[in-house]
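Peer 1: Kindly generate the corresponding structure for this input.
(2 chains)
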There are 2 protein chains.
Amino acid sequence: MPDGSHIHETPVIGIIGFGAFGQLIARCLSPHFRMCAYDPAPGLQPMADRYGVALAGLERVACCPVVVLAVPVGRLEAVVAAVAPHLRPGALVLDVGSVKMAPAEIMARGLPGHVDIVATHPLFGPQSARDGISGLKIALCPVRGRRCRRLAAFLRGRLGLDVVMTTPEDHDREAATVQGLTHLIAKVLSQMEPLPARMTTRSFDLLVAAVAMVRDDAPEVFEAIERANPYSPHVRRRFFALASALDAELAGDPPRARSPSKAEA
Amino acid sequence: MPDGSHIHETPVIGIIGFGAFGQLIARCLSPHFRMCAYDPAPGLQPMADRYGVALAGLERVACCPVVVLAVPVGRLEAVVAAVAPHLRPGALVLDVGSVKMAPAEIMARGLPGHVDIVATHPLFGPQSARDGISGLKIALCPVRGRRCRRLAAFLRGRLGLDVVMTTPEDHDREAATVQGLTHLIAKVLSQMEPLPARMTTRSFDLLVAAVAMVRDDAPEVFEAIERANPYSPHVRRRFFALASALDAELAGDPPRARSPSKAEA
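Peer 2: Predicted structure coming up:
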């Protein structure tokens, strides 16, 4: 990845998908790179202007030396197919999805052999990055080529990110718990709103803050976390089973003193 | 409540029950008052020495001008009966339980007419108060007498607490959600440990911090919150029902486009 001193007229970073996350990328990278972005949605010019991003056609954006696919996981396969013919040899292609096994496989299969690929998962969103991204985490999974270490050095050194090098499998296993639980709990709690605001404990305040950070995430994020991560059903099953057991326990009598009776076996 | 300038030889505050919460009270009040405490458990002398608290018999502690009942809600009735005969006319009696309807009623019924009563709920515990209590919340419910306002002024002015004046009913209604949800979620998540620590989001970190704050609370706290609060079953039912609905939704097909079919009615 070129550093800031090599800025020239041609955009360095091409962003495919200029939604909430594409815009966050533009905000974080605007001090460092010239950028262009492709998104068929209308009304994006003001946001593009704000970060000095040139809106352009898919073909032109796909020609950049670095191409970031900032689209929902469910649309990645179609986007890879559309972008693939236009990528230049030696380009670096990144995705930013909340799961990594499926996207890594889709990119490895659908992108031409002459590009390098790193699957990434920035472990933050527009809410948690509101006050900057320094100190936040990003997971990197090298898929093809040797650019991952240099990318990691940039993300650490220039953006202050905490880089976690991992594999798609390890990522998805851990993310199934981290994001699966957060989003499940957020989904349930946001359905219980309005939540009390007066007689709150510090612990409850933290819970509400956790929910606030993900409650406005795009529905596609929840879909990806709960459906596209192969480890999610297991985590969910376990959470709901433990919740049910607690429910049953609390619905019954208070726990009695231990006794070796058969009924407890 | 006397202020710090009136310190004399006789202890001003008597604490009945010198467990985790009684000790927290001693820690917070030691700069302001002479204190004594009663607790039949062994091994409490070092902690009493640490906060300058004189351990004494129930009768002597109950003679103090201010008596704090720092015992589990489930033991309050017996403690009230034991303390009642020894209370001096004009004494102020406080409890500190996590629910307020049952304790307010128990104290109003069991304590002599010549003492004032304020039911309190410090909305914090040993974990959340680790770095001090300034800015934390306490709920006060006047039960008998006119000392509540002066007590509130002391708690605000000297301890920096955020005082919420309320009724036992309003308290329990709100606490059923605040504490009920926090402890339910903490209970389930602590059963899923070890939780990931590497690839975490900020939102997940907040969730884990929320759990850490209550996970080591005495089991009696969980019992009081889930069983002694009459509004808890409703909150729990709602949480578990919403969780089940989400579970069913995620186990099924992805949500389809809206259609006015009967099956959705």
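
Peer 1: Please list all residues in contact with the residue nearest in space to the middle of chain A.
Peer 2: Residue closest to the average C-alpha location in chain A (Cα atoms, centre = their mean): residue A:98, at 3.7 Å. Shown in contact with residue A:98 (Cβ atoms under 8 Å, 6 or more residues apart in numbering or on different chains): A:73, A:121, A:175, A:179, A:221, A:224-225, A:228-229. Where C-beta positions appear, they are placed from N, C-alpha and C, glycine not excepted.

Peer 1: Among the residues you listed, which one has the most neighbours?
Peer 2: Highest neighbour count within the contacts of residue A:98, by other Cβ atoms under 10 Å in any protein chain shown: residue A:179, with 31 neighbours.

Peer 1: so that one, which of the three states?
Peer 2: helix (DSSP: H, G, I helix; E, B strand; the rest coil).

Peer 1: what about it, distance to residue A:110?
Peer 2: 25 Å (Cβ to Cβ, to the nearest Å).

Peer 1: and the residue nearest to the centre of chain A, that's in a helix?
Peer 2: No: per three-state DSSP, residue A:98 lies outside any helix segment and is coil.

Peer 1: and it, backbone torsions?
Peer 2: Main-chain dihedrals, residue A:98, degrees, to the nearest 10: phi -80, psi -10.

Peer 1: again with the one 5 residues further on
Peer 2: The phi/psi pair for residue A:103 (degrees, to the nearest 10) reads phi -60, psi -40.

Peer 1: Let me know how buried it is, in neighbour terms.
Peer 2: By other Cβ under 10 Å, the residues close to residue A:103 number 27.

Peer 1: Isn't it up against residue A:75?
Peer 2: No: between residue A:103 and residue A:75 there is no contact under Cβ atoms under 8 Å: 10.9 Å.

Peer 1: number of nearby residues for residue A:249?
Peer 2: Neighbourhood size, residue A:249 [other Cβ under 10 Å]: 13.

Peer 1: Mind telling me what element it is part of?
Peer 2: Following DSSP states H and E, one finds residue A:249 within helix A:232-251.

Peer 1: How far away from the center of its chain is that helix?
Peer 2: Averaging C-alpha positions (Cα atoms, centre = their mean, to the nearest Å) puts helix A:232-251 26 Å from its chain's average.

Peer 1: So which elements touch that helix?
Peer 2: Here helix A:232-251 touches helix A:168-191, helix B:168-191, helix B:232-251, going by 3 or more Cβ pairs under 8 Å, 6 or more residues apart in numbering or on different chains; DSSP states H and E.

Peer 1: Buried residues of the second one, list them for me.
Peer 2: Which is helix B:168-191. By 16 or more other Cβ atoms under 10 Å in any protein chain shown, the buried positions in helix B:168-191 come out as B:168, B:170-189.

Peer 1: Quick one: work out the angle between the helix or strand that that helix is followed by and helix A:168-191.
Peer 2: Elements were assigned by DSSP H and E; along the chain past helix B:168-191, the next helix or strand is helix B:202-214. Helix B:202-214 runs at 70 degrees relative to helix A:168-191, counting by axes from the mean of the first three to the mean of the last three Cα atoms, to 10 degrees.

Peer 1: Run the chain-centre distance for helix B:202-214.
Peer 2: Mean-position distance between helix B:202-214 and its chain equals 20 Å (Cα atoms, centre = their mean).

Peer 1: Report whether it contacts chain A.
Peer 2: Yes: contact of helix B:202-214 with chain A (Cβ under 8 Å from any Cβ of the partner chain) involves B:202-204, B:206-207, B:209-211, B:213-214.
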